[in-house]
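# A structural model of the following input is requested.
(chains A and B)
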Number of protein chains: 2
Amino acid sequence: MLSEPTNALAWISLGAGVISLVVAFLFLGSVLKEDMGTPRMKELSNAIFEGAMAFLNRQYKTLAPIVIIIFIVLFFVPAELFTHGDPEAAAQVTGLSGRLALPVSFLVGAVASAFAGYAGMVSTTKANARTTNAARTGIRKALSISFRAGAVMGLSVAGLGLAGVSALFLIFKIPAIINSFAFGASAVALFARIGGGIYTKAADVGADLVGKVEAGIPEDDPRNPAVIADNVGDNVGDTAGMGADLFESYAATAIAAMVIGGSVLKPAGMAMEGVLFPLMIGAVGIIASIIATSFVRMPSEESNPQAALNMGLWGTNIITAVAGFFVAKAMFGDVAVGIFIGIVAGLLTNVAIGYITELYTSYHKRPAQEIAEASATGPATNIIKGLAVGLKSTVYPVLVIVIAIWASFFFAESAGDANGIAGLGIYGIAMAAMGMLSTAGMVVAIDSFGPVADNAGGIAEMAELGPEVRKNTDKLDAVGNTTAAVAKGFAIGSAALTALALFTAYAQSANLVETGIDILNPIVIIGLFIGATVPFLVASFAMEAVGKAAFEMIAEVRRQFKEIPGLMEGTGKPDYARCVDISTRAAIKQMVAPGMVAIGTPVVVGFLLGPLALGAVLAGGTAAGVLMALFMANAGGAWDNAKKYIETGKLGGKGSENHKAAVVGDTVGDPFKDTAGPAMNPLIKVMGTISLILAPVISKYSIFGKMFE
Amino acid sequence: MLSEPTNALAWISLGAGVISLVVAFLFLGSVLKEDMGTPRMKELSNAIFEGAMAFLNRQYKTLAPIVIIIFIVLFFVPAELFTHGDPEAAAQVTGLSGRLALPVSFLVGAVASAFAGYAGMVSTTKANARTTNAARTGIRKALSISFRAGAVMGLSVAGLGLAGVSALFLIFKIPAIINSFAFGASAVALFARIGGGIYTKAADVGADLVGKVEAGIPEDDPRNPAVIADNVGDNVGDTAGMGADLFESYAATAIAAMVIGGSVLKPAGMAMEGVLFPLMIGAVGIIASIIATSFVRMPSEESNPQAALNMGLWGTNIITAVAGFFVAKAMFGDVAVGIFIGIVAGLLTNVAIGYITELYTSYHKRPAQEIAEASATGPATNIIKGLAVGLKSTVYPVLVIVIAIWASFFFAESAGDANGIAGLGIYGIAMAAMGMLSTAGMVVAIDSFGPVADNAGGIAEMAELGPEVRKNTDKLDAVGNTTAAVAKGFAIGSAALTALALFTAYAQSANLVETGIDILNPIVIIGLFIGATVPFLVASFAMEAVGKAAFEMIAEVRRQFKEIPGLMEGTGKPDYARCVDISTRAAIKQMVAPGMVAIGTPVVVGFLLGPLALGAVLAGGTAAGVLMALFMANAGGAWDNAKKYIETGKLGGKGSENHKAAVVGDTVGDPFKDTAGPAMNPLIKVMGTISLILAPVISKYSIFGKMFE
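Here you go, the predicted model:
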C-alpha cells in the first residue's frame, strides 16, 4: 500500500498513455509506407478520404460554438462547489487556476475526442486502398495493414483517454473537477455518434434501395451515385462514431471510479489509492493492448483471420487480468481480491455480451435464420419476426450485466466489511466498468479494422480488380462484421456500467447517499418515467433523421439514373459529390435536435424538480437506454444477417422474393443498428456527465426540488 | 365525516354494482328483440358467434387448471400475514373462514372476469347482424343497437368489479386480503389479452396478406377463407380482451386505493372513510355511466354519431366530477378538496391521453400522413417512419401521467399537512387512478361498440347487401376506430396509475415505507433492470406468436385458394372453420409462455432477491411497460391510418405502389397495436397484484434479500 499520497503513479499512467500514442503514430507511419495500387484505386481512396474529412470538418465546425458556449458557462461555475467543504481541496482551486479547472478540462476532453476522430479517420481512409492492393497478392498482408490502421484508432482512443485524465489530475488534483474532461468527451461523442449514424445510413439506405433493389446493380458498383457516400459512411459511423463513444466511456468511467474511490476509501486512509487505482488499471490495459497487437498475425495464407483477431482480444484480456491482480495486491493488500473480482467481472461481461450478440445476430444461428424463413410470407412477417428477435435479445445481456453488478458489488463489499471499510461495494462496480474499458485499445482496434476491410472490398469492386481480390477482401469483411458485433456489445455493456458509475458519483456529489433516492417518493417515480422516455424520443429523432435523409438520397440517386445519359451502361459518370453532400448536410442538421434533448433534459429536470428527480432520470434513462440499445442493435444485426443468409444461396438466394423481403428488413434495421441504437450509449453517458457537473449547483438551487424532500 | 366504522356505504356501492348489472341485462334483452335480417345474415352472425364462443370456451378451459392450482396454493397461505400484526384484524381471519378468504376472493375475481367476457361477447356477437339489418334503413337505429350491445359489456365490467369488491369487503373486511380478487382478475386478463390479441391478429394478417394483397379481393369478401376468423377476432381482441383488461384495472385500483386509504388515514381516525371512499367514487361513476347512456342518441339521421358517443363520455366525466366533489366533501370535510383534485386529475388524464392518441394516429393529422408519404420510397421507409412516430408518441402521454401524479400527490399531501395527516399524497395518486377508472362503464361501452360496427360492416359485405348499407356501417366503423383509440389510451393510462397504486400498496404491505426503496442500493438497480426487461420479453413472445400463427394461417388460406375449385369465382365454398380453428389453437398455445413470464418473474425475484428488488422490478416494469405500450399502440394505429389515408384516394389510392407499401406497415403494426401493445397493461398489473400477495411472505423469506438490506 502507498505510504503517503503520491503522484508517481499518475505519472506512470500518463507515461502509458503517451506510449500508446507513440505506438499509434508508428503504426500510422507503417501503414502509409504501403503502396496504394493503381491510379484508379488511389482516386477512389482519395474520394473517400476527402468525403470523410469534409464531414468531420463540418461536424466539428458545427460543434465549435456549442463547445465555446459551454466553455464560457463553465468558466462562471465556481470550482469550490466540487470540493464538498474540504478546505484543503478548496484552497487548491481558488483564483484563476480554480476558475479555469472546469472549462479547461472540458475543452481538453472535447478537443482530444475530436483529435482521436481525425487520427482514426485518416488512418482508416488512408489504409483502404492499401489493403485492397495487398489483397491482390494475398490475405495475410491485407489483414496486417487493415489491423494496424484500426490499431491507430484504438491506441489513440485509449492513449488520449488515459493521458488526458492523468495529466489533468496531475494539474488540478481533484477528480470531481476534471470530470468536465469526460463531459467534453461526452458532448462530442453524442454528436459524433448521432451525426455519423445518420450519415452512414442515409447513404447506405439510398445506395441499397435504388441501386440494388430498383436498378439491380451489385453492392459497391461504381455506377451507383451513392457509392462513395456509402463508403465514407462506413468510416464516419463505425470508426469515428464508435471511437468517440468509447473515448467517452473511457474518460467518464476512469474519472467516476476515481471520484468514488477517493470518497469510499477516504475513511480507511486509502483515498489516494482509491483515486489512482483506476488509472493503474488503465495503464495495465493499454500496455496489454500494445503487447497483444503483436499476437494479431496470420501464420500462413490459409490461417483464419478471425483467429488472429481473437488472439489479440484474448491476449489483452488475460494480460490485463493477471497484471491487474498484482497491481491490486500491491495497492490494496487485504481488500485487493474483492476489488479485483470486479475487474474480472468487467472483462467477463465483455466476453459474454459479445457471445450473446453473436448468438442473436450471426446467420449460423437460428434467430437470424428464422427471420430469413419468415421472409417467405413477405416483408411484413420478416419485420415482425426481426422485431421479436430484437426484443428477446435483451434478456441475456441484461442478466449478464446484473450478475456483473451483483458480483462486483458483493465481493468488494464483503472484502470491505472484513477490513472495516464501509461501502466498498460501489467501488467494485466502478472497477468492473474500468476493467471492461481498460481493454478499449484492442476492442476499438479490431472494430476499426472492419470499415477498412469493408472499404477495401468496395475499392476492389469499383476498380474492377477481379473476383480473387474481392474474395480476399470479402473474407476480411466477414470477420469485420463479427468484430463489429462484438464491439457493439462492448460499447453497450460499457456504457451501461459507465452510466451506473456516473450515477453513483452523481449521488455522492449531490449529497444523496445518506437520504437515498427512494422510488416510493413520487418525484422519483416522475423522474424514472421522464428518464425512461428520453431514449424513446432520441431514438425517434434518429430514425426520423435517417428517414428524411434517405428520402432525399433516394430522390437524388433516382434522378441521376434518369437524367445522366449512359449511366447504367457505364459510359456516363455519376455525380458522387452531390450524394456525399446530401449525407453530410443531413447528418449535421439532424444531429442537433436529439443532442439538445440529451443535454437539455438533465438541466431542465435538475433545476425544476431537483436532485432526487434528476437521479431518477439517470436510473430510468440508463435502464431504458440499455434495453433500447440492445433491442435495436440486435434486431438490426439479425435482419442484416438474415439477408446475408439468403444471399449465400439459401431459401431461393439473391434476387428471389424471399431476398426482396429480407432487403426490406435489412433496410429497416440499418437506422436501428447504426443510428438510433448506438445513439443510446452516448445519450445515457452524457446525461450522467452533465448531471455530475450540475450536482453541486442543483442541490442548492431548484424550483420544486424542496417540495418532495 | 362518518362518526364510526360503518358498512352502510359498502352496501350502497354493492347496490350500485347490482343496478349496473340489471341495466346491462335489460340492454341485452332490448338488443336481442331486434330483427337479424335475411337468413344469410343470420347464418354469418351465428358463425361468428360460434367461433367466438368456441374460443372463449377453450381459453377458459385452458386457464381452469392454472386457476385451480393458484386456488390451492392460496389456501395454504395464512391470511393473518395480511393483517400486519393488527390483533383485531387477525382475529377476523382465523379458522376456516380465514383460510378461505384468499382463495375464494381469487376465484370470484377469476370467475367474474370470465363472466364479464361471456356477457360482452354474447352481446356483441348477437348484435352484429341486428346492427347491419338496422343499417339497411338508416344509421340512427344502427348506432342505438350497437351502442346498447357495447353498454352490456361496459356495465357488466364496471358492475361486476364494484359489486365484487364491495361484497368481498363486506364478507372479509380486510382490503389487503380481498386483493386476491384483483389477482384473480389479473390472471384471467393477462391470458385473455394475450390470447385474444394473438387470435385476432393471426386471422387479420392471414386474411389481409393473402386475400387483399395476393388475391386482390376486398376486405370482408366472403370468398376469403379467413374472413369469419377475422370477424371473430375483432370481438375476441377488442371486446373480451379490453373488457378483461379494464375489469382488472378496476378491481386492482379499487382495492389498492382501499389498502392505501386505510393505512394513511388510520392515524387521523378516518381509516374507514379512506377504505370506503374508493367504493363510493366507483358507485358515483357507475351511476353516471348509466345516466349518460341515455345521452348517446342521434337526434336525426344526419347527426354525427361521434358527437353522440362524445356526449356519453363527457356526460359521464362531468357527472362523476360534480357528484364526486359532494361525496368527498361529505366524507372528508377539510381535506376533501385535496383528495378531490386527484379524482379530477384522473378524469383529465383520460381526456388528454385520448386527445394525444388521436393526434398521433388519426389520418387527419400529420404523423399518419407523413407515414403515408414515406411509402413513396417503399415499405422500408414507411416502417422506419412509423417506428419513429411511435417512439415519439410516448413523450406527451408520459408528461400527462407525471403531471397527474404530481398534481394528485401535491394537493392531497398539502391538504393532509394542513390538517395534520401525514402522507396523504399517495392516497391522492390512488384516487387519481380510481377517478379515471370510475368511468370504465362508459369507456368500455363505447369501445365495445366498435367491434359490433366493424362486424356489421363485414356482414353487410358478406351478405352482399349493397353499397348504401355498407356506407352506413362504414360511418359507424370509422367512429369505432376513433373510440378504440380513445379506449386504448384509457387502458394504458389507467394501467399506469393502477400499477403505481399497486406498487405503493406493495411497499406498505412489505414494510418498505420506512426504509424506502433506494435506487442507490445495487439490488434495487438490479431489480429495475430486470423489471424493465420483462415488457421486452413479453412483447417478443407476443410478436412471435402472431408471426407463427399468421404463417400457418397464410399457408392455409393459400392452400384453399389453390385447392378448392371455383373459390375465386364464387362457386366453391371456403372452409371457414379450419381458419377459425388455426387461430384458436395458436392463441391458446402461445398465450401460456408470456403469461408464465409475467407471473413467474415476481415470484422468482421475490424469493431470490427479496422485497427491495421486487419493488424495483415493479417500478422498472411499469415505466418500461407503459412506454412500450404507448410506442406499440400508437405506431400500430398510425400505420393503420396511413394506409387508410391512401385508401381515401390520396397519394395514388388503393392498389398503387404506395398503398402496397402502406399495407406492409399496417401488417407490422397489427401485432404491435393489438397483441404486444395491449399485453403490456395486464403485464404490469399482474406483476403488481402478485407482488402484493407475495409481500408479507417474501419480507420474511428470501434467499439473498437480506444481503442488500
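# buried sites along the host helix or strand of A:Ser156?
Using DSSP states H and E, A:Ser156 maps to helix A:139-172. Across helix A:139-172, burial judged by 16 or more other CB atoms under 10 Å in any protein chain shown covers A:139-169, A:172. For every residue, glycine as well, the C-beta is placed using N, CA and C.
# Tell me how far the next helix or strand after that helix lies from the chain's centre.
Downstream of helix A:139-172, the next assigned helix or strand under DSSP H and E is helix A:175-206. When distances are taken as CA atoms, centre = their mean, to the nearest Å, helix A:175-206 is centred 9 Å away from the chain's centroid.
# Mean confidence (pLDDT) on the helix or strand just after helix A:175-206, please.
Sequence-wise, the next helix or strand downstream of helix A:175-206 (DSSP H and E) is helix A:227-234. In this model, helix A:227-234 has a mean pLDDT of 88.
# Then stretch A:686-695?
Mean pLDDT, stretch A:686-695: 92.
# Residues contacting it, please?
A:74, A:77, A:102, A:176, A:179-180, A:182-183, A:186-187, A:189-190, A:248, A:252, A:256, A:498-499, A:502-503, A:505-506, A:509-510, A:531, A:534, A:598-599, A:601-603, A:606, A:611, A:614-615, A:617-618, A:621-622 (CB atoms under 8 Å, 6 or more residues apart in numbering or on different chains).
# I'd like to know which of those are buried.
Buried among the contacts of stretch A:686-695 by 16+ other CB under 10 Å: A:74, A:77, A:102, A:176, A:179-180, A:182-183, A:186-187, A:189-190, A:248, A:252, A:256, A:498-499, A:502-503, A:505-506, A:509-510, A:531, A:534, A:598-599, A:601-602, A:606, A:611, A:614-615, A:617-618, A:621-622.
# Point to the residue nearest the middle of chain A.
With distances taken as CA atoms, centre = their mean, A:Asp245 lies nearest the centre of chain A, 3.1 Å away.
# can you tell me which residues contact it?
A:189, A:192-193, A:491, A:495, A:678, A:681-682.
# ditto for A:Leu170
Applying CB under 8 Å, 6+ apart, the residues near A:Leu170 are A:7, A:10-11, A:14.
# What residues does the stretch 251-400 of chain A have near chain B?
The stretch 251-400 of chain A has residues A:374, A:377-381, A:383-385, A:387-392, A:394-395, A:398 near chain B, with proximity defined as CB under 8 Å from any CB of the partner chain.
# hang on, the earlier thing: with pLDDT as added columns, please give the contacts of A:Asp245 in JSON lines.
Shown next, in JSON lines, are the contacts of A:Asp245 (pLDDT from 0 to 100):
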{"residue": "A:Ala189", "pLDDT": "89"}
{"residue": "A:Ala192", "pLDDT": "88"}
{"residue": "A:Arg193", "pLDDT": "89"}
{"residue": "A:Ala491", "pLDDT": "92"}
{"residue": "A:Ala495", "pLDDT": "93"}
{"residue": "A:Pro678", "pLDDT": "93"}
{"residue": "A:Asn681", "pLDDT": "94"}
{"residue": "A:Pro682", "pLDDT": "93"}
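# So which of those residues is the closest to chain B?
A:Ala495 (13.5 Å; CB to the nearest CB).
# can you tell me the residue of the stretch 101-250 of chain A closest to chain B?
Taking CB to the nearest CB, the stretch 101-250 of chain A has A:Leu209 as its residue nearest chain B, at 6.4 Å.
# That residue is in contact with A:Ile554, isn't it?
Yes: with contacts counted by CB atoms under 8 Å, A:Leu209 reaches A:Ile554, the gap being 5.7 Å.
# Give me the common contacts of the two.
Common contacts of A:Leu209 and A:Ile554, defined by CB under 8 Å, 6+ apart, comprise B:377, B:381.
# And the contacts of A:Leu170, which of them are buried?
A:10, A:14.
# So which of the contacts of A:Leu170 are in helices?
Among the contacts of A:Leu170, the members falling in helices are A:10-11, A:14 (criterion: DSSP state H).
# returning to what we had before: farthest pair in the contacts of A:Leu170?
For the contacts of A:Leu170, the maximum inter-member distance is 9.7 Å, found between A:Asn7 and A:Leu14 (CB to CB).
# Name the surrounding residues that touch stretch A:258-271.
A:1-2, A:5, A:165, A:169, A:175-176, A:179, A:272-279, A:332, A:419-424, A:426-427, A:430, A:501, A:504-505, A:508-509.
# one more time with 7 Å
A:1, A:175-176, A:179, A:273-275, A:277-278, A:421, A:423-424, A:426-427, A:430, A:501, A:504-505, A:508 (CB atoms under 7 Å, 6 or more residues apart in numbering or on different chains).
# Drop anything exposed from the residues you listed.
If we count by 16+ other CB under 10 Å, those have these buried: A:175-176, A:179, A:273-275, A:277-278, A:421, A:423-424, A:426-427, A:430, A:501, A:504-505, A:508.
# Out of those, list just those in strands.
Residues of the buried ones among the contacts of stretch A:258-271 located in strands (DSSP state E): none.
# For chain A, which helix or strand comes out least confident on mean pLDDT?
When the helices and strands of chain A are scored by mean pLDDT, DSSP states H and E, helix A:87-92 comes last with a mean of 74.
# Please enumerate residues in contact with that one?
A:80, A:83, A:173-174.
# What residues of that helix count as buried?
Residues of helix A:87-92 classed as buried: A:89-90, A:92 (neighbour count, 16+ other CB under 10 Å).
# continuing past it, what's the next helix or strand?
As the chain continues past helix A:87-92, the following element, by DSSP H and E, is helix A:95-135.
# The residue of the stretch 601-709 of chain A found nearest chain B and B:Ala635, how far apart?
Taking CB to the nearest CB, chain B has its nearest neighbour within the stretch 601-709 of chain A at A:Thr667, 3.6 Å off. Counting by CB to CB, to the nearest Å, the gap between A:Thr667 and B:Ala635 amounts to 17 Å.
# again with A:Glu544
13 Å.
# Which one's more surrounded, these two?
B:Ala635 (31 against 25; other CB atoms under 10 Å in any protein chain shown).
# Is the strand or helix carrying the more buried one positioned near chain A?
B:Ala635 belongs to helix B:592-647 when assigned by DSSP H and E. Yes: applying CB under 7 Å from any CB of the partner chain, one finds helix B:592-647 touching chain A at B:615-616, B:619-620, B:623-624, B:627, B:631.
# Widest-spaced pair of these?
Largest pairwise distance in the residues of helix B:592-647 next to chain A, by CB to CB, is 24.8 Å, between B:Gly615 and B:Phe631.
# of all the residues in the stretch 601-709 of chain A, which ones are close to chain B?
A:615-616, A:619-620, A:623-624, A:627, A:631, A:664, A:667-668, A:671.
# among those residues, who's most crowded?
In terms of neighbour count, A:Pro671 stands highest of those at 33 neighbours, by other CB under 10 Å.
# Can you give me the distance of the closest residue to that one other than its chain neighbours to A:Val213?
Spatial nearest neighbour of A:Pro671, excluding adjacent residues (CB to CB, 6 or more residues apart in numbering or on different chains): A:Val546 at 3.8 Å. Using CB to CB, one gets 17 Å for the distance from A:Val546 to A:Val213.
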